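S.K.: Okay, here's the prediction I keep looking at, along with the sequence it came from:
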Amino acid sequence: MQMDDRSKLLRRYVIDAMRGGGRGHLGSSMSMIEILRVLYDSVLKFDPANPKSLDRDRFVLSKGHGCLALYAILADKGFFPISELESFCRPTSRLGGHPERGKVPGVEASTGALGHGLPIAVGLAIAMRLQKRNSRVFVLTGDGEINEGSNWEAGMAAAKHKLSNLTVMMDYNKLQSYGKTSEVLDLEPLVDKWKSFGFVTHEVDGHDVSALEAIFKKLPFSDSAPSAIICHTIKGKGFPFAEGNPEWHHKSGMTESDIQQMYDCL
Amino acid sequence: MRKTALDCVYKLGKIDERVVFIGSDLGPGVLDKMKTEFPQRFFMEGVSEQYIVGMAAGLAMEGFIPYVNTIATFLTRRCYEQVAVDLCIHDLPVRLIANGGGGVYAPLGPTHLAIEDIAIMRALPNMAVVAPCDADEMNRLMMSTLDWPHPIYIRLGKGGDKIVSEEKNGFELGKAIIMRSGTDGMFVTTGVMTQLALETADLLKKDGVNVGIVHMHTLKPFDSSGVISAIENVRAVVTVEEHIVNGGLGSALLETCSELRPDLLSKIARVGIPDKFATEYGSQNSLLKHWGITSDTLVGAMMKKLGG
Ligand SMILES: Cc1ncc(C[n+]2csc(CCOP(=O)(O)OP(=O)(O)O)c2C)c(N)n1
């Protein structure tokens, strides 16, 4: 699928940050650009001028190492200046290699240790209900990330509590750090797994903007159960040398020519 | 250091069939040699630290010697109960190889900074805690781990650390190494802080202050008699660690002296990471500076204790 200008712009922001920091999780960020784009463009309720407004929807990036994509969309929406992206990972920057709550406006939870987002999101969703607020809670996990048992503990609880205000999305890019998820720890049958844990589950092409819009419009999938969306994606999407290549999960010590090579792809 | 540690797992695996390797979704290509030559003893499991520690315990119960490797924070915080119950209560010979002690992962932020790992591992009965200073020492340590009958936590530095350990000093788990003797003061160090202390001692020497270094590669079992004999005759002692000041090397020394030689307590100062999560990113060096772990602070702490 051809990327449109907006998808390219957000990817460019990610590279701007990588150039500033000389490092970053390229593959992990690029697979989730469209998911975040559609969430922030068409789904979530938020106010960049008042990032803590009580009636906002909550988005928790559980795969915290994908924070470059989150920083790109938050900057694009005006949570902080776009020019700040280039401070990525510098000593006194707000934008670290994993996102921190309280530092970065719009970041709901400090993540980076995998398998924390869904349990936190369950707590948030229960809190919304107790406080009789209509805010919804969204959480994005990696596919390797859901190897962690904590996700499944929280998943069972989300169903028990009938959290229809909770949606878990998976960035199913079929790779984790070492290599293919099918080889390191196969997740299949993934749809059936989430279904059996009590989630109403749908699949979508995670790079297809209109398909993403359509699936999000259907939320909640049930008014008595949590929702799960499995987003089929390509790790490193948009960068042929990185697509599907575990070597590009994370890179440090990047040179100008590495960076140029990335800009050239857009 | 990490490369050396993993190379050693391969070497040990070649000479001893009890050796198995367990990683938790590490980088591509890790220990490929082992994977190719004895694939049945190479396990690259998912992102699941609690499970791999339990798995290692099961293997160890049946006579294997598992070497488990991942990032330090995930090998300590994430699976602390598995380490305590499965490894330490059962007292099993599992080796935990922990990448990135201290500020190594500076740009990745506090979820990746192992600042209290020594303290929490040291708190567990039966666990040995080791922080070698360079790749050569890592090699000597690793090659001596086959027959230690208890769990061991091995803390790695960044890698490429200057080689300062010497063959002639050997390596014995639980035995301090006097890297340099001193007449005025002593630095008591662990891990790669030994290099920083050596540099600092050189600076002090230029000013006519004679300071030595005792390297505590093993934090537990703590070599009480070794360290006491190294420090009892100098006027000032500064402990240096890339770890929170509470519960690590400095604490271990204070506890030891408090029990055995309270007369030594007043000459000891501690340098380490302040009691808070890192608020900066940057590099390991910029973080060390931010934390106040530099030659300057070591000189200052030493001179203050010397009354200079
Ligand atoms: C608890 C924990 N264990 C290990 C890691 C190291 N780690 C960072 S990313 C990663 C792989 C994640 O794979 P996946 O969830 O599939 O993300 P993606 O492929 O999108 O990068 C690992 C093992 C971590 N951050 N947290």
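M.R.: Thanks, I have it. Numbering: from 1, shown residues only, chains lettered A, B, ... in the order given.
S.K.: Residue B:233: neighbouring residues, count only.
M.R.: A count of neighbours around residue B:233, defined by other Cβ atoms under 10 Å in any protein chain shown, yields 10. (Each C-beta comes from the backbone N, C-alpha and C, glycine too.)
S.K.: what do you get for residue B:114?
M.R.: Around residue B:114 there are 28 other residues, counting by other Cβ under 10 Å.
S.K.: any chance you could map the strands in the stretch 101-250 of chain B?
M.R.: Secondary structure of the stretch 101-250 of chain B (DSSP state E, counting those that start in this stretch): strands at B:128-130, B:152-155, B:177-180, B:185-189, B:211-215, B:218-220, B:236-244.
S.K.: what comes into contact with the third one?
M.R.: Right, the one you point to is strand B:177-180. Strand B:177-180 is contacted from outside by B:164-165, B:169, B:171, B:194, B:198, B:201, B:212-215, B:217, B:230, using Cβ atoms under 8 Å, 6 or more residues apart in numbering or on different chains.
S.K.: Now the two most distant members of those.
M.R.: Across the contacts of strand B:177-180, the longest distance by Cβ to Cβ is 21.7 Å; it joins B:171 and B:201.
S.K.: Between those two, tell me which one has more neighbours.
M.R.: Neighbours per residue (other Cβ under 10 Å) separate residue B:171 from residue B:201, with residue B:201 holding more: 24 against 21.
S.K.: Not counting residues beside it along the chain, what's closest to the more buried one?
M.R.: Nearest residue to residue B:201 in three dimensions, chain neighbours excluded: residue B:211, at 4.6 Å (Cβ to Cβ, 6 or more residues apart in numbering or on different chains).
S.K.: beta partners of that neighbour?
M.R.: Using DSSP bridges, the beta-bridge partners of residue B:211 come out as residue B:185.
S.K.: what about it, neighbour count?
M.R.: Close neighbours of residue B:211, defined as other Cβ under 10 Å, add up to 28.
S.K.: For it, give me its contacts.
M.R.: Applying Cβ under 8 Å, 6+ apart, one finds that residue B:211 lies in contact with B:182, B:184, B:185, B:186, B:187, B:200, B:201, B:204, B:205, B:302.
S.K.: what about 7 Å?
M.R.: Residue B:211 makes contacts with B:182, B:184, B:185, B:186, B:187, B:201, B:204, B:302, as judged by Cβ atoms under 7 Å, 6 or more residues apart in numbering or on different chains.
S.K.: try residue A:151
M.R.: By Cβ under 7 Å, 6+ apart, the neighbours of residue A:151 are A:115, A:118, A:141.
S.K.: Show me which of these is closest to residue B:7.
M.R.: Closest approach between these and residue B:7, by Cβ to Cβ: residue A:115, at 30.4 Å.
S.K.: Shouldn't that closest one be within a strand?
M.R.: No. Using DSSP: H, G, I helix; E, B strand; the rest coil, the assignment for residue A:115 is coil, not a strand.
S.K.: Count the residues that sit near it.
M.R.: Here the number of neighbours of residue A:115 (other Cβ under 10 Å) works out to 27.
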